[in-house]
Each structure stands twice: as structure tokens, then as C-alpha cells.
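Engineer: sequence first, then the predicted structure, then my questions.
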Amino acid sequence: MKKSLVAIASALVVTCSSAAFAATPSADPAVVAATKQMMASMKIRDVMLASLKQADQQMPAQMAASLNAMIDSDATMSAEKKAEAHKKLQEALPALTAQTHAIFSDPTLVDDMLAEMVPLYAETYTLDEIRQLSAFYASPLGQKMLANMPTLMTRSMEISQRVMMPRVQKMMAQSAQSIVGK
């Protein structure tokens, strides 16, 4: 579950309209204004909303898989206790799903994230760089990139998990064996 949240957060940071931005006092107002304009041309609000919708749809299955795996890997639990824990988890999943949905559909979530992002861009890029980025995102290639970004991010995360998970699982199995073997 942590991987999913990190992935979602990373995607949102990489791909984050112009309402409710709060600039830090130290940020150059011209850079802040240009950043807001750039983010509007990037349709960041729409991208973020689409990403949150996708996360909202995927999170219940990911939570269930993660929590079931935690139960299954708990060496201190008997088979009977694991079965009981799986049953409790199944009973709790609708409430967990509802809580997750409430987080992802909170209308203030995007505004709060955007309020934090404008200063990040304003501190990272100069006014000229923001204008260049804005021109790129307004171009046909920039628009194509923005249109393809959600799919690219999703597929990239799938590739990362597919490549990384066997390595992590192998490391965890070796660690568990060395711990249990002692």
C-alpha cells in the first residue's frame, strides 16, 4: 500500500489549474504567476483529478492484497489465527474502502496539493525556464505528452513493480530465513 501511495504522490508531483494556489512569501511574484499559467496550460487540475480517480479505483484491491500478504507472512500467527484475521479483514474492507474513497474524493485535496506545488516550481525554475516550459506544454508535442502521461505513469509503475518485486521478495525470503535460522 505504501508503494501505491508513493507512486500516486510521485505521479501527482510530476504532473500537477490555477485556482487556490498559495505562494510562499519568498517566491518571486512573476515566477509564481508564470507557474500558475504553466500549470493551467498543463491542465494539472484535470490530470490530478484523473490520477486520484484511478487511485480511488485501484486502492481497495491493493489494500486488500497488501493486508492479506501481511497476515500471511506473520510467522507468529497460527493458521487458525490467520484465517480469523483474513475474515476480519474481509469484514473491514468496505469501511476501509469508504475511508479511502473519502480521502481521494475530498474536493479540497487537489487545491491543497496545488497550493504546495506552485512554490516548489517557483523555487526550482527561473522565470525564463517557466516560460519555456509553458511554451512546450502549449505546443502539440507538449499536449501529446500531457495526454499520454497518465498511461505512461501507470505502465511505468507496473514495470517497476514487475522488475522490483521479485528482487525484494528474494531479499525478504533470504532475510526471513537468516532470522528464523538463527
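Structural biologist: Ah, there it is. Residues are numbered from 1 along each chain as shown.

Engineer: I'd like the next helix or strand past the helix or strand that contains M38.
Structural biologist: Using DSSP states H and E, M38 sits in helix 29-41. Counting by DSSP H and E, the element after helix 29-41 in chain order, helix or strand, is helix 44-73.

Engineer: so what does that next one touch, helix or strand wise?
Structural biologist: helix 2-14, helix 79-104, helix 107-124, helix 140-181 (3 or more CB pairs under 8 Å, 6 or more residues apart in numbering; DSSP states H and E). The way it works is simple: take the backbone N, C-alpha and C, and place the C-beta from them, glycine included.

Engineer: just how off-centre is the helix holding M38 within its chain?
Structural biologist: Taking CA atoms, centre = their mean, to the nearest Å, the mean C-alpha location of helix 29-41 is offset from the chain mean by 23 Å.

Engineer: may I see the buried residues of that helix?
Structural biologist: 31-36, 38-39, 41 (16 or more other CB atoms under 10 Å).

Engineer: again with stretch 78-87
Structural biologist: Under the neighbour-count criterion of 16+ other CB under 10 Å, stretch 78-87 has A85 buried.

Engineer: low pLDDT regions in the protein?
Structural biologist: For the chain, the stretches with pLDDT under 70 are 1-26, 180-182.

Engineer: and stretch 53-71, how far out from the chain's middle?
Structural biologist: Here stretch 53-71 is found 13 Å from its chain centre; the criterion is CA atoms, centre = their mean.

Engineer: repeat for stretch 114-125
Structural biologist: So, by CA atoms, centre = their mean, the centroid of stretch 114-125 is 18 Å from its chain's centroid.

Engineer: residue contacts, L96?
Structural biologist: Counting by CB atoms under 8 Å, 6 or more residues apart in numbering, L96 makes contact with 60, 63.
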